[in-house]
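A.B. asks: got a predicted structure here, sequence first:
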Amino acid sequence: MTMRRSIASLRLLAAGLLVASLPWQVALAAPGDQAGFEFAVLGHSFNAGPDDGPLKKAIAETSAFNASFVVATGIKAASESCSDKLYSQRKDVLDASGPPLIVSLSASDWANCRNSRGRVNAIERLNRLRDVYFADNQSLGQRKLTLSRLSSTAKFRSYAENAHWEYGGVLFATVNLPANNNHFLPEAGRNSEFEDRLVANRSWLQRLFSMAQRKKLDGIVLFSDGDAGVLNEDDNSLLPSFSSKQDGFAGPRKQIRTLAKKFSGKVLLVDTQRTVEADGKEGKSKKAAASADGPKIRWKGNLGHVSIDNDWSAIAVRPGKTPFFEVRQRATRPSAQARAKASTVRR
């Protein structure tokens, strides 16, 4: 009898622990297929240099907004140091986010880095970022999202920065497309980093669209630093071009357009590409600078694009409604727990 009572007590204890853990599990669970949700995108908040203030403020506001998750586009300004110390310090700042936070690299994080002797060490710094930020399959933030990385494929072991996750019937993914013309270098010789990454991204995009189509998802959202120009009109002129600059985004742009035409859902591209001044300093987001009312999504068929300015924006996913994706007015709202408490008080 004593043994039976002990077993019964252990079962009750286990049941109690399970019930106690349910609110935390629910907080991390994705909404149902018909439930809308909102995610936040941090713009490039480093124009003022090494001041963490704007970034910390944006993280605090997105946490108060209670976004389902946050995507940070870049971790530093081009004028800042490329040191291991800064990489580590900035990771600590990003990791303070309440919601899960996913990092999408920008050109300013690595492409223009130089060592102590003034020599370009972009590839070495890119590899270091991969070690610091993408060592496992978890997001940053106090709550976590489990991510799938391109580096899980043996052929593309190096490309851990490309990650995808599914949430609420939508596939989200980061794609390393730096804003500096996709890091295409005009110097003579093989453009090894650009060419190798082009192959990896081509395989990545094909995988993403195939997965979303097979699972009959409602949408795909791609985050990148550079604007691939998917909505731009192509130059079909028969006259020869006198521009010597090769378009580093031509390949990804053509592929995304082709894949989007075959996809039954909506496709949204989100970037934070900024203008670059003559002195090399970053200016405003080129799309945001043209719009006094904040970022807006432009559509052509099922393909949409938006550029986020240097603060942050919330984007709503609205199943069964038009538009399916919508940039929301930023407003701090109570957390789910606070809303539930308020509802109980009203009753």
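C.D. replies: Right, received. Where do you want to start?
A.B. asks: show me where this structure has strands.
C.D. replies: 37-42, 70-73, 101-104, 148-149, 163-167, 170-174, 219-223, 266-271, 274-276, 282-285, 298-300, 303-307, 312-317, 325-328 (DSSP state E).
A.B. asks: make a markdown table out of the ones you listed and add mean pLDDT, distance to residue 184 and mean neighbour count.
C.D. replies: For the C-beta atoms, the positions are set from N, CA and C on the backbone; glycine is no exception. Converted to a markdown table, those look like this (pLDDT from 0 to 100; distance: least, Cβ to Cβ, whole Å; neighbours: other Cβ atoms under 10 Å):
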| stretch | mean pLDDT | distance to residue 184 | mean neighbour count |
| --- | --- | --- | --- |
| strand 37-42 | 96 | 25 | 23 |
| strand 70-73 | 96 | 20 | 28 |
| strand 101-104 | 98 | 19 | 26 |
| strand 148-149 | 98 | 24 | 18 |
| strand 163-167 | 98 | 23 | 20 |
| strand 170-174 | 98 | 20 | 25 |
| strand 219-223 | 98 | 19 | 24 |
| strand 266-271 | 97 | 17 | 25 |
| strand 274-276 | 52 | 15 | 19 |
| strand 282-285 | 49 | 19 | 19 |
| strand 298-300 | 96 | 25 | 14 |
| strand 303-307 | 97 | 20 | 22 |
| strand 312-317 | 96 | 28 | 22 |
| strand 325-328 | 94 | 30 | 16 |
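A.B. asks: relative to residue 182, which of these is closest?
C.D. replies: Taking Cβ to Cβ as the criterion, strand 266-271 is the member of these that comes nearest to residue 182, at 11.7 Å.
A.B. asks: report the angle between that closest one and strand 37-42.
C.D. replies: 20 degrees (axes from the mean of the first three to the mean of the last three Cα atoms, to 10 degrees).
A.B. asks: mind starting the numbering at 43 from now?
C.D. replies: OK, 43 is where the count begins now, so the last one is strand 308-313.
A.B. asks: circling back: relative to residue 178, which of the strands of the chain is closest?
C.D. replies: Nearest of those (Cβ to Cβ): strand 190-191, 9.0 Å.
A.B. asks: so what's residue 185 closest to, chain neighbours aside?
C.D. replies: residue 142 (5.3 Å; Cβ to Cβ, 6 or more residues apart in numbering).
A.B. asks: ignore the last one, residue 115
C.D. replies: residue 314 (4.3 Å).
A.B. asks: contacts only, for the one you found.
C.D. replies: 83, 85-86, 115-116, 148, 221, 267, 327, 349-352 (Cβ atoms under 8 Å, 6 or more residues apart in numbering).
A.B. asks: pLDDT score for it?
C.D. replies: Among the per-residue scores, residue 314 shows a pLDDT of 87.
A.B. asks: great, nothing more from me.
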